[in-house]
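> Just to be clear, the model below is a prediction. Sequence and coordinates:
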Amino acid sequence: MCEIEMLEELKNFDTPTITNVVATYPNGTHCLGLYDPWKQNWYTDQTIRCMFPELGRVVGFAVTTVYGLPDAAAEDLSFLDSLDALDDSKKPTIFVFEQRFPPEIQGKVGLMGGNMASAMLALGCVGAISNGPSRDLDEIRPMGLQTLLSGSTAGHGDMAVHAVNVPVSIAGMDVAPGEVIHMDENGACKFPASRLEEVLVNARALQKEEEAFQSRLKNAKSAKELRQIFGEAESTYGDSDDD
């Protein structure tokens, strides 16, 4: 199975399932233990949310950009350089743009709009993630570009691209260019592209076990029976407190 087929199949699983496989249950049968669940930044926190839950799950390779106020000492870059990076990346892509603005304007930067989204889509981008707001949600929604943001705001002032394809930090998730991003209405998580096949294989196995497990839970007749079922699940999750 080629990379694009594996990425497409990963959309069969929600992002919490992918986090379970990547690192959530380090002692679980199907957990790869790629990160320390609490001490490393590999999934997003509650400071951003999915703008278009109805668009469902997307998966792609990270292309990163850092935005901030114009700075004469900064490298001479623009959004066109981000487009070059999107064009050069393996497809599909997720545009991960960190907003580094002063606190007093951080919540007022309507950075990505309809024009940016249109250009990104033309180059195979399927999703965007930022630690700040954007605008033109009514234009972007029908385009089908899944988006995780802190919110929305209508305008912005002068701004500049400070860096392209460098490590960034978005809502508690540290992202390097080329890492795989899986995102849906629950948030986003990342993992190395080199582990793509392992993540997919383990997600298949975990989903199969969870379907059987949840069926047993729904049909249980007593707390005693539920205790027994949860106890038997320790090999899958590494503890008896599955969510």
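Structure's in. What do you need? Residues are numbered from 1 along each chain as shown.
> tell me the secondary structure for the residue minimising distance to the centre of the chain?
Geometric centre of the chain, nearest residue: residue 188, 2.5 Å, by Cα atoms, centre = their mean. Classification of residue 188 by DSSP: H, G, I helix; E, B strand; the rest coil places it in strand.
> what's the spacing between it and residue 134?
16 Å (Cβ to Cβ, to the nearest Å). (Each C-beta comes from the backbone N, C-alpha and C, glycine too.)
> who does the longest strand along the chain touch, helix- and strand-wise?
Counting residues, the longest strand in the chain under DSSP state E turns out to be strand 58-68. Identification of packing neighbours for strand 58-68 by 3 or more Cβ pairs under 8 Å, 6 or more residues apart in numbering; DSSP states H and E yields helix 3-10, helix 79-88, strand 93-100, strand 125-130, strand 160-164, strand 168-170, strand 180-184.
> Indicate each strand paired with the shortest one and its parallel or antiparallel sense.
Based on DSSP bridges, the strands next to strand 168-170 in the sheet, each with its direction, are strand 173-175 (antiparallel).
> Run the chain-centre distance for the partner strand.
9 Å (Cα atoms, centre = their mean, to the nearest Å).
> what residues does that strand touch?
Outside of strand 173-175, the residues within contact range by Cβ atoms under 8 Å, 6 or more residues apart in numbering are 40-45, 62, 64, 96, 167-169, 181, 188-190.
> Next, the buried residues of that strand.
For strand 173-175, a neighbour-count test (16 or more other Cβ atoms under 10 Å) marks 173, 175 as buried.
> tell me the mean pLDDT for it?
Averaging pLDDT along strand 173-175 yields 98.
> and of the contacts of strand 173-175, the nearest to residue 113?
For those, the minimum distance to residue 113 (Cβ to Cβ) is 17.3 Å, reached by residue 96.
> re the thing from before, could you dump the helices and strands packed on strand 58-68 into a markdown table with distance to residue 28 and mean neighbour count added?
Listed next are those as a markdown table, based on distance: least, Cβ to Cβ, whole Å; neighbours: other Cβ atoms under 10 Å:
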| stretch | distance to residue 28 | mean neighbour count |
| --- | --- | --- |
| helix 3-10 | 19 | 15 |
| helix 79-88 | 35 | 18 |
| strand 93-100 | 26 | 24 |
| strand 125-130 | 27 | 26 |
| strand 160-164 | 37 | 19 |
| strand 168-170 | 26 | 21 |
| strand 180-184 | 18 | 27 |
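> now these as TSV including mean pLDDT and distance to residue 202?
Output for the helices and strands packed on strand 58-68, formatted as TSV (pLDDT from 0 to 100; distance: least, Cβ to Cβ, whole Å):
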stretch	mean pLDDT	distance to residue 202
helix 3-10	97	11
helix 79-88	98	29
strand 93-100	98	21
strand 125-130	98	23
strand 160-164	96	33
strand 168-170	98	25
strand 180-184	98	13
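> Turn these into TSV, including distance to residue 145.
Formatted as TSV, these follow (distance: least, Cβ to Cβ, whole Å):
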stretch	distance to residue 145
helix 3-10	16
helix 79-88	12
strand 93-100	9
strand 125-130	6
strand 160-164	19
strand 168-170	16
strand 180-184	12
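> Out of the ones you listed, flag the one nearest residue 23.
The nearest among the helices and strands packed on strand 58-68, by Cβ to Cβ, is strand 180-184 at 12.7 Å.
> buried stuff in stretch 143-154?
145-150, 153.
> can I get the CA coordinates of that stretch in CSV?
Taking Å, rounded to 0.1, in the frame of the first residue of the first chain, the C-alpha atoms of stretch 143-154 are listed here in CSV:
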residue,chain,number,x,y,z
MET,A,143,-14.1,25.0,-0.3
GLY,A,144,-13.7,22.0,2.0
LEU,A,145,-10.6,23.1,3.8
GLN,A,146,-10.7,21.7,7.3
THR,A,147,-9.5,24.3,9.8
LEU,A,148,-8.5,24.4,13.5
LEU,A,149,-8.2,27.9,14.9
SER,A,150,-8.6,29.8,18.2
GLY,A,151,-11.6,31.5,16.6
SER,A,152,-12.5,34.2,14.0
THR,A,153,-12.1,37.9,13.7
ALA,A,154,-12.9,40.2,10.7
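> Thanks again, I'm all set now.
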